[in-house]
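Participant: Test case, fold it:
(one chain, ligands or ions: 1)
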Amino acid sequence: MITPNTNYNNLKDSYLFYNIAQKTKAYLENNPDKKLLRLGIGDVSLPLCDEVIKALHTAVDDQAVKESFHGYMPECGAPFLRQTIADYYKKRGVALSPDEVFVSSGASDELGDILDLFDRSSSCLVIEPAYPAYVDANVMAGRKIVHLSSNKENGFLPVPDDNIKADILYICSPNNPTGAVFSRDQLQAWVDFANENGSVILFDAAYEAFIEDETLPHSIFELDNAQTCAIEICSLSKTAGFTGTRLGYTVISKSLVRNGMNLNDMWVRNRTTKTNGVSYIIQKGGAAVFTDEGQRQIHDNIKIYKNNAKILMEALDEVGIWYTGGKNAPYIWLKCPNNMGSWELFDFLLNKAQIVGTPGEGFGSCGEGYFRFSTFGSVEDTALAAERLIQLFGKE
Ligand code: PLP
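Facilitator: Prediction:
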């Protein structure tokens with residue numbers, strides 16, 4: 001009899017979103033007249049911008065005509081989109097050749113698939129609290145995981161020290177769930193550490209478009225010598241509302257070499273074996289995000305989410321609840337008031353104010369005592385939630 005991958009037995013039950021769904025369902029069954037204010041979701045609520053929709057329609061029409069029809073697309077991405085993305089990096093002073101850019105169906109797919117580049121004996125470091133997929137993808141592969149807790153004292157932005165021993169280093173900035181963003185100096189410390197130790201950083205830049213403080217790096221390749229130690233994984237999901245449309249990109253420099261093996265060449269080999277490329281129509285829609293008009297329109301949407309963040313941050317400031325994030329990220333990470341636990345605050349907010357957030361404990365044990373608000377909901381719900389937070393936690 002075949003033996004399935006027994007590493008799956010080591011996965012912890014992913015009860016976070018299941019528990020949230022169960023608790024909210026039970027609440028609504030008992031309180032059918034109440035409306036929930038959903039600040040837990042990581043999905044976007046605004047539709048694709050006009051520029052993208054126009055490009056998608058044109059691409060659909062191209063597929064109806066023999067002369068403009070496209071069959072299989074190049075596995076690593078359409079040349080027009082690889083060039084467009086390389087040009088986007090150039091505006092930030094990062095020089096890439098188009099064949100260092102790989103078009104993908106999204107960051108989640110890549111975060112799992114990219115592990116094919118590394119031996120199963122390699123260990124990986126996960127800075128917690130963390131996006132749960134990092135741990136789970138490595139548990140499935142049977143890798144050793146080194147958990148590095150971050151905390152309020154270091155602003156949820158730990159820097160490396162000599163005690164850390166790991167081959168693959170996950171860094172997510174702006175961070176989900178904390179919304180914290182590494183400064184140039186802090187990120188440079190990780191880059192230097194990775195180069196000194198021969199590790200590889202997997203830099204998750206899914207929220208780079210939310211950075212408004214221009215002293216903060218959007219890409220790890222803005223740092224010195226990152227091209228010899230980092231892979232950047234990005235997504236149009238949150239940047240441009242592509243959560244259901246699916247498009248992302250991965251950058252691997254041609255100078256990323258370990259043990260004489262070139263990781264860019266290896267990824268070309270991997271993609272040409274394991275994918276037949278992303279749909280022509282979606283890549284055309286994705287390219288529209290990077291035009292001047294596309295950039296203006298997606299940033300108009302991001303401003304709406306930023307306004308939600310502002311509304312929530314003002315309420316938290318008013319009632320004196322500590323938080324980080326919100327300014328350069330779509331998530332606000334707050335310290336549960338009155339020494340409540342994460343789930344205790346979840347139940348309290350659900351029952352007293354019909355607000356649904358995400359308990360921090362779901363992102364790693366050091367998230368206990370913290371709570372995440374997403375700013376991707378509607379402005380009406382967010383404003384009402386802010387009002388209720390003030391009523392609940394404001395001084396008499
Ligand atoms: N990385 C982080 C940190 C995320 O929060 C998410 C989605 O929530 C993803 C990656 C996945 O993005 P995608 O929709 O491109 O798969």
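Participant: Only C-alpha atoms from now on, for both contacts and neighbour counts.
Facilitator: Will do.
Participant: Gly179 contacts Leu334, correct?
Facilitator: No. Assessed by CA atoms under 8 Å, Gly179 is found out of contact with Leu334, at 10.2 Å.
Participant: Between these two, which has more neighbouring residues?
Facilitator: Shown here are Gly179 and Leu334; by other CA atoms under 10 Å, Gly179 has more neighbours (26 against 21).
Participant: on that earlier part again, okay, and the common contacts of Gly179 and Leu334?
Facilitator: Thr324 (CA atoms under 8 Å, 6 or more residues apart in numbering).
Participant: and the gap between the nearest residue to Asn175 once chain neighbours are set aside and Leu349?
Facilitator: Sequence neighbours aside, Val181 is the residue nearest to Asn175 in space, at 6.3 Å (criterion: CA to CA, 6 or more residues apart in numbering). According to CA to CA, to the nearest Å, Val181 stands 27 Å off from Leu349.
Participant: Tell me which of the two has more neighbours.
Facilitator: Val181 (28 against 19).
Participant: pretty sure the more buried one is touching Thr215, no?
Facilitator: No. Using CA under 8 Å, Val181 is not in contact with Thr215, being 10.8 Å away.
Participant: Please, where are all the helices along this protein?
Facilitator: Counting by DSSP state H, the chain has helices at residues 16-30, 50-62, 79-90, 107-113, 133-140, 184-197, 237-240, 263-274, 280-289, 292-319, 342-353, 379-393.
Participant: For the longest one, the averaged confidence score.
Facilitator: It stands for helix 292-319. For helix 292-319, mean pLDDT is 98.
Participant: need the contact list for Trp267.
Facilitator: 114, 117.
Participant: Report the residue spans of the stretch 101-250 of the chain with pLDDT below the cut-off.
Facilitator: For the stretch 101-250 of the chain, applying pLDDT under 70 flags no range at all.
Participant: What residues does it have near the ligand?
Facilitator: Contact residues, the stretch 101-250 of the chain versus the ligand (CA under 6 Å from any ligand atom): 106-108, 131, 176, 204, 206, 235, 237, 243, 248.
Participant: Return the closest of those residues with respect to Glu293.
Facilitator: Ser237 (18.2 Å; CA to CA).
Participant: Which residues are in contact with the nearest residue to the closest one once chain neighbours are set aside?
Facilitator: Nearest residue to Ser237, sequence neighbours excluded (CA to CA, 6+ apart): Thr243, at 4.3 Å. Listed by CA under 8 Å, 6+ apart, the contact set of Thr243 reads 43-44, 236-237.
Participant: which of these sit farthest apart?
Facilitator: Taking CA to CA as the measure, the contacts of Thr243 span a maximum distance of 12.2 Å, between Asp43 and Leu236.
Participant: neighbour count winner among these two?
Facilitator: Per other CA under 10 Å, whichever of Asp43 and Leu236 has more neighbours is Leu236, with 22 against 16.
Participant: who's in contact with that one?
Facilitator: 106, 206, 242-243, 246-248, 286.
Participant: again with Met340
Facilitator: Gly369.
Participant: Then the one 3 residues further on?
Facilitator: By CA under 8 Å, 6+ apart, the residues touching Trp343 are 359, 361.
Participant: List the contacts of the residue in the stretch 151-300 of the chain positioned nearest to the ligand.
Facilitator: Closest to the ligand within the stretch 151-300 of the chain is Ser235: 4.4 Å, counting by CA to the nearest ligand atom. Listed by CA under 8 Å, 6+ apart, the contact set of Ser235 reads 106-107, 205-206, 247-249.
Participant: Let me know the closest of the residues you listed to Lys34.
Facilitator: Closest to Lys34, out of all of the contacts of Ser235 and judged by CA to CA, is Ala206, at 34.0 Å.
Participant: burial measure for the closest one, as a count.
Facilitator: Neighbour tally, Ala206, other CA under 10 Å: 26.
Participant: Same question for Asn195.
Facilitator: Asn195 is flanked by 17 other residues according to other CA under 10 Å.
Participant: got it, and Asn225?
Facilitator: Neighbour count of Asn225, defined by other CA under 10 Å: 15.
Participant: which non-adjacent residue is nearest it?
Facilitator: Here the residue nearest Asn225, using CA to CA, 6+ apart, is Val191, at 7.2 Å.
Participant: Kindly provide the distance from that neighbour to Lys91.
Facilitator: Taking CA to CA, one finds Val191 at 22 Å from Lys91.
Participant: ditto for Asp33
Facilitator: Distance from Asp33 to Lys91, by CA to CA: 51 Å.
Participant: cool, and Phe182?
Facilitator: Distance, Phe182 to Lys91, using CA to CA: 20 Å.
Participant: Among those two, which residue is more densely surrounded?
Facilitator: Between Phe182 and Lys91, Phe182 has the larger neighbour count (other CA under 10 Å), namely 22 against 9.
Participant: Make sure that one is actually in contact with Leu216.
Facilitator: Yes. In this structure, Phe182 is within contact of Leu216 by CA under 8 Å, at 7.1 Å.
Participant: Find the centremost residue of the chain, please.
Facilitator: Ala206 (3.9 Å; CA atoms, centre = their mean).
Participant: For stretch 359-370, C-alpha coordinates in CSV please.
Facilitator: Taking Å, rounded to 0.1, in the frame of the first residue of the first chain, the C-alpha atoms of stretch 359-370 are listed here in CSV:
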residue,chain,number,x,y,z
PRO,A,359,-7.7,36.9,17.4
GLY,A,360,-3.9,37.3,17.3
GLU,A,361,-3.3,33.9,18.8
GLY,A,362,-4.3,32.4,15.4
PHE,A,363,-1.0,33.8,14.0
GLY,A,364,1.3,32.0,16.5
SER,A,365,1.4,31.7,20.2
CYS,A,366,3.1,35.1,20.7
GLY,A,367,0.0,36.7,19.2
GLU,A,368,-2.0,35.8,22.4
GLY,A,369,-3.3,39.0,24.0
TYR,A,370,-3.4,40.8,20.6
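Participant: check whether it contacts the ligand.
Facilitator: No. Stretch 359-370 lies apart from the ligand when judged by CA under 6 Å from any ligand atom; the minimum separation is 11.3 Å.
Participant: Name the surrounding residues that touch that stretch.
Facilitator: 16, 128-132, 149-151, 177, 333-336, 339-343, 345-346, 371-372.
Participant: what is the mean pLDDT for it?
Facilitator: For stretch 359-370, the mean confidence score works out to 95.
Participant: Nothing else from me, thank you.
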